[in-house]
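got a predicted structure plus its sequence, pasted below:
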Amino acid sequence: MTKQTMNRNPGTELNLAWINNIQTNTSATERRAATLGTRRSIKKDHQAAWLIKAIGLIDLTTLAGDDTEQRVRRLCAKAKNPLRQDLKDALGIGDMNLTTAAVCVYHDMLATAHKALEGTDIHLAAVSTGFPAGLTPHELKVAEIKASVAAGADEIDVVITRKHVFKQDWQALYDEVKEYREACGGAHLKTILATGELATLRNVAKASMVCMMAGADFIKTSTGKESVNATLPVSLTMIRQIRNYLHLTGFKVGYKPAGGISKAKDALVYLSMMKEELGNDWLEPELFRFGASSLLGDIERQLEHHVTGHYSAAHRHAMG
Ligand SMILES: O=C[C@H](O)COP(=O)(O)O
């Protein structure tokens with residue numbers, strides 16, 4: 001993957017008719033979500049290949065108050081070499097330049113991560129705009145984005161102001177995200193909805209559409225700090241709005257579920273959902289990412305089991 005090569009969603013005018021037309025059916029969405037893990041659309045003998053694919057879709061993340069430069073350097077080393085060479089050899093991909101899609105950190109850690117990732121195609125993402133609550137003054141949020149871009153971030157993960165959604169003030173949400181997009185310049189914009197705090201799937205669907213109209217390159221579920229983070233019903237709701245937006249405008253927007261995705265088997269469910277609902281374009285890092293701090297460790301563990309028939313202890317695959 002080369003950095004920032006895809007055609008970006010330029011956004012559209014705010015179209016309130018599109019927002020008002022959005023319908024959601026919570027029980028039908030939940031029923032459909034409940035079948036996703038049981039359909040076995042990724043067959044057992046293909047699982048290793050799909051898990052290797054999933055590695056290339058991870059935004060390997062550390063967003064803790066006790067993050068240090070040393071931890072971030074270790075995370076970047078893992079992003080560059082996500083699988084042990086003996087496992088790669090055994091899987092027949094010894095020569096593959098396998099990396100994660102990106103590393104995602106707080107602004108303070110950008111310089112360290114930027115240096116550690118130099119010379120690679122791994123994107124550098126910064127969370128921004130008063131992450132995770134998004135309640136700092138607006139002008140500081142915009143300045144934060146600009147500072148992170150200047151510090152080398154290729155991608156900016158912003159949090160939206162949740163009260164705009166509660167008030168159904170779509171103009172305010174649109175204006176905010178549009179300004180964030182402008183502040184990003186060439187960096188790609190991911191808008192985090194904090195879906196666990198938005199109360200209804202209808203709010204999630206409408207906020208998704210507004211963010212895409214305002215020029216989001218990705219819509220993302222969660223910060224990882226809400227009490228409910230990425231879920232399948234929320235994901236179905238958001239990716240169906242991505243499909244809706246594609247039909248209305250012809251532009252493709254990416255999807256990033258984040259928060260609490262830590263098991264390889266869950267990653268497989270997400271991938272099969274993306275394939276079924278949106279098609280193969282959304283199995284590439286230009287249009288799909290997992291925001292995850294510990295998923296890579298479990299994937300490596302499962303691949304080790306695939307190769308050796310044994311599980312190693314989880315601590316052998318620690319990330320930080
Ligand atoms: O954006 C990514 C999330 O903060 C990661 O959440 P997690 O630590 O639950 O994987």
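All right, it came through fine.

what pLDDT does the model give the residue in the chain that the ligand sits nearest to?
Per Cβ to the nearest ligand atom, Gly224 is where the chain lies closest to the ligand, at 2.5 Å. Backbone N, C-alpha and C define where each C-beta goes, glycine included. If you check Gly224, the pLDDT there is 96.

got the contact list for the residue lying closest to it once chain neighbours are set aside?
Once flanking residues are discounted, Gly224 sits nearest to Gly259: 3.8 Å by Cβ to Cβ, 6 or more residues apart in numbering. Residues near Gly259 by Cβ atoms under 8 Å, 6 or more residues apart in numbering: Thr221, Ser222, Thr223, Gly224, Lys225, Glu226, Asn229, Ala230, Gly291.

now distance to Ala49, secondary structure and neighbour count too, for those residues, in a markdown table please.
Compiled in a markdown table, these are given as follows (distance: Cβ to Cβ, whole Å; DSSP: H, G, I helix; E, B strand; the rest coil; neighbours: other Cβ atoms under 10 Å):
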| residue | distance to Ala49 | secondary structure | neighbour count |
| --- | --- | --- | --- |
| Thr221 | 26 | coil | 29 |
| Ser222 | 28 | coil | 26 |
| Thr223 | 31 | coil | 23 |
| Gly224 | 28 | coil | 22 |
| Lys225 | 33 | coil | 14 |
| Glu226 | 33 | coil | 21 |
| Asn229 | 27 | coil | 20 |
| Ala230 | 23 | coil | 25 |
| Gly291 | 23 | strand | 31 |
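
so can I have TSV of the residues you listed showing distance to Gly196?
TSV is the format used below for these (distance: Cβ to Cβ, whole Å):
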residue	distance to Gly196
Thr221	8
Ser222	6
Thr223	9
Gly224	10
Lys225	9
Glu226	4
Asn229	6
Ala230	9
Gly291	14
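
of all residues in this structure, which one is nearest the centre?
The structure's the chain has its C-alpha centroid closest to Lys256; by Cα atoms, centre = their mean the separation is 2.7 Å.

that residue reaches Glu286, doesn't it?
No - under the criterion of Cβ atoms under 8 Å, Lys256 makes no contact with Glu286, lying 11.9 Å away.

now do the strands in the stretch 151-300 of the chain.
Secondary structure of the stretch 151-300 of the chain (DSSP state E, counting those that start in this stretch): strands at 155-159, 188-192, 218-220, 254-256, 290-292.

burial count for the nearest residue to Thr120 once chain neighbours are set aside?
Distances taken as Cβ to Cβ, 6+ apart place Lys80 nearest to Thr120, at 6.0 Å, with adjacent residues excluded. Counted with other Cβ atoms under 10 Å, residues neighbouring Lys80 total 18.

and Lys80, what pLDDT?
For Lys80, the pLDDT comes out at 98.

and for Lys3?
Note for Lys3: predicted pLDDT of 59.

swap in the one 4 residues further on?
We have a pLDDT of 84 for Asn7.

quick one, what contacts it?
Shown in contact with Asn7 (Cβ under 8 Å, 6+ apart): Phe251, Lys252.

from Asp59, how far off is it?
Going from Asn7 to Asp59 by Cβ to Cβ, to the nearest Å gives 21 Å.

ok, now Phe218?
As judged by Cβ to Cβ, Phe218 and Asp59 stand 10 Å apart.

shared neighbours of these two, anything?
Lys256, Arg289.

would you turn the strands of the stretch 151-300 of the chain into a markdown table with distance to Gln23 and mean pLDDT?
Listed next are these as a markdown table, based on distance: least, Cβ to Cβ, whole Å; pLDDT from 0 to 100:
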| stretch | distance to Gln23 | mean pLDDT |
| --- | --- | --- |
| strand 155-159 | 26 | 98 |
| strand 188-192 | 22 | 98 |
| strand 218-220 | 18 | 98 |
| strand 254-256 | 20 | 98 |
| strand 290-292 | 28 | 98 |
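
just name the most buried of those strands.
Highest mean neighbour count among these (mean count of other Cβ atoms under 10 Å): strand 290-292, with a mean of 29.

starting at the chain centroid, how far to that strand?
Its chain's C-alpha centre lies 5 Å from the corresponding centre of strand 290-292 when counted by Cα atoms, centre = their mean, to the nearest Å.

could you do stretch 152-170 as well?
Distance of stretch 152-170 from its chain centroid, counting by Cα atoms, centre = their mean, is 14 Å.

how about that stretch: buried residues?
By 16 or more other Cβ atoms under 10 Å, the buried positions in stretch 152-170 come out as 152-162, 164-165, 170.

that stretch close to the ligand?
No - counting by Cβ under 6 Å from any ligand atom, the ligand is not contacted by stretch 152-170; separation bottoms out at 6.7 Å.

as PDB, could you dump the C-alpha coordinates of that stretch?
Only the C-alpha atoms of stretch 152-170 are listed here, as PDB (Å, rounded to 0.1, in the frame of the first residue of the first chain):
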ATOM      1  CA  GLY A 152       3.600  13.800  10.600                       C
ATOM      2  CA  ALA A 153       0.200  12.200  11.000                       C
ATOM      3  CA  ASP A 154      -1.200  10.700   7.800                       C
ATOM      4  CA  GLU A 155      -4.600  10.100   9.400                       C
ATOM      5  CA  ILE A 156      -6.600  12.000  12.000                       C
ATOM      6  CA  ASP A 157      -9.200  10.200  14.100                       C
ATOM      7  CA  VAL A 158     -11.500  12.900  15.500                       C
ATOM      8  CA  VAL A 159     -14.300  12.500  18.000                       C
ATOM      9  CA  ILE A 160     -17.600  14.300  17.100                       C
ATOM     10  CA  THR A 161     -19.500  16.500  19.600                       C
ATOM     11  CA  ARG A 162     -22.200  14.100  20.800                       C
ATOM     12  CA  LYS A 163     -24.600  16.800  21.900                       C
ATOM     13  CA  HIS A 164     -25.100  17.800  18.200                       C
ATOM     14  CA  VAL A 165     -26.600  14.400  17.700                       C
ATOM     15  CA  PHE A 166     -28.800  14.500  20.800                       C
ATOM     16  CA  LYS A 167     -30.100  17.900  19.600                       C
ATOM     17  CA  GLN A 168     -30.500  16.600  16.000                       C
ATOM     18  CA  ASP A 169     -28.500  19.700  15.100                       C
ATOM     19  CA  TRP A 170     -27.200  18.200  11.800                       C
END
